[in-house]
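> Have a look at this prediction, sequence included:
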Amino acid sequence: MLRGGQSWLHLELMVLLWSVRFHCFQRTHPSCVQGPPGSQGRDGNPGVNGIPGTPGIPGRDGVKGEKGECISERYEEPWRPNLKQCAWNSLNYGIDLGKIADCTFTKLRSDSALRVLFTGSLRLKCKTACCQRWYFTFNGAECTGPLPIESIIYLDQGSPELNSTINIHRTSSVEGLCEGVRAGLVDVGIWVGTCADYPRGDASTGWNSVSRVIIEELPK
């Protein structure tokens, strides 16, 4: 039979062993009542970059495209002045019909225009009303691009006696642009002729002065 002090010590030891067994039972048996979840932890530090992946498989060839248009580039040289002057001192040409003078010119392009100028003294006299025209030709033909290049003098004083005594020489000009003349050597002529529906008179060109023809090639 145990004594009183030993009984109490034995009882305390039994309670302690029971507590340990109960605690171990809770840890090894999930069916036990679980306490509330703890608070959410903080985000961890970012991880380091992974190892680069291997190159992918080359893709297949695409569908063949349509045939493109071939655009040829044309190099154009910068425009350079091209002009010429022919001059005569005291032509004193008294013909009424025909070529007065000519000047040859080398045209570089077919898509350009020719500017022509004649300057010199002109005169017309007659006993009755008369008309004369001075005009340019290109290789023997008048300009058609767009129209002839000409100047006219018409005289009618109303008196045959007075008309026959008028003899005035004036410096005049014939000027214009002609398109459509082909490239190459061009014979530029200045002519005198009659006006439509009028009789000719007594014409004179280049009296006692300098006459000149100026030819210039211009871009359109």
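Right, received. Where do you want to start?
> so Phe136 is in which element?
strand 130-138 (DSSP states H and E).
> Show me what that strand is packed against.
Strand 130-138 is packed against strand 112-125, strand 150-155, strand 170-179, strand 184-194, with contacts defined by 3 or more CB pairs under 8 Å, 6 or more residues apart in numbering; DSSP states H and E. Quick note: C-beta positions are derived from backbone N, CA and C, even for glycine.
> Just the buried residues of stretch 124-138, please?
Under the neighbour-count criterion of 16 or more other CB atoms under 10 Å, stretch 124-138 has 124-127, 130-138 buried.
> what distance separates the start and the end of it?
This stretch, stretch 124-138, spans 25 Å end to end (CA to CA, to the nearest Å).
> Now do it, average pLDDT.
What stretch 124-138 shows for mean pLDDT is 94.
> Check stretch 40-58 too.
Rounded mean pLDDT across stretch 40-58 is 82.
> now the end-to-end length of it.
Termini of stretch 40-58 sit 47 Å apart (CA to CA).
> How about stretch 134-142?
Counting by CA to CA, the terminal residues of stretch 134-142 are separated by 11 Å.
> In CSV, list the helices and strands packed on strand 130-138 along with distance to Asp102.
Converted to CSV, those look like this (distance: least, CB to CB, whole Å):
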stretch, distance to Asp102
strand 112-125, 11
strand 150-155, 16
strand 170-179, 14
strand 184-194, 4
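> Most tightly packed of those strands?
Most buried of the helices and strands packed on strand 130-138, by mean neighbour count (mean count of other CB atoms under 10 Å): strand 112-125, with a mean of 21.
> what's the offset of that strand from the middle of its chain?
Distance, stretch centre to chain centre, for strand 112-125: 35 Å (CA atoms, centre = their mean, to the nearest Å).
> Of the buried residues of stretch 124-138, just say which sits nearest to Leu185.
Nearest to Leu185 among the buried residues of stretch 124-138 is Phe138, at 11.1 Å by CB to CB.
> Neighbours of the closest residue to Gly176 other than its chain neighbours, how many?
Nearest residue to Gly176, sequence neighbours excluded (CB to CB, 6 or more residues apart in numbering): Ile149, at 3.4 Å. The number of residues packed near Ile149 is 22, by other CB atoms under 10 Å.
> and the gap between Ile149 and Ile190?
10 Å (CB to CB, to the nearest Å).
> again, but for Gly206
10 Å.
> Between those two, which contacts overlap?
The contact sets of Gly206 and Ile190 overlap at Ile100 (CB atoms under 8 Å, 6 or more residues apart in numbering).
> my guess is Thr137 contacts Trp191, does it?
Yes: shown here, Thr137 and Trp191 form a contact pair, counting by CB atoms under 8 Å, at 6.0 Å.
> Quick check: neighbours shared by these two?
In contact with both Thr137 and Trp191: Lys99, using CB under 8 Å, 6+ apart.
> how distant is stretch 78-93 from the center of its chain?
33 Å.
> can you list contacts of stretch 78-95?
So stretch 78-95 is contacted by 100-101, 103, 105-108, 120, 192, 202-217, 219 (CB under 8 Å, 6+ apart).
> go again using 7 Å as the cut-off
The contact list for stretch 78-95, computed with CB atoms under 7 Å, 6 or more residues apart in numbering, reads 100-101, 103, 105, 108, 120, 192, 204-217, 219.
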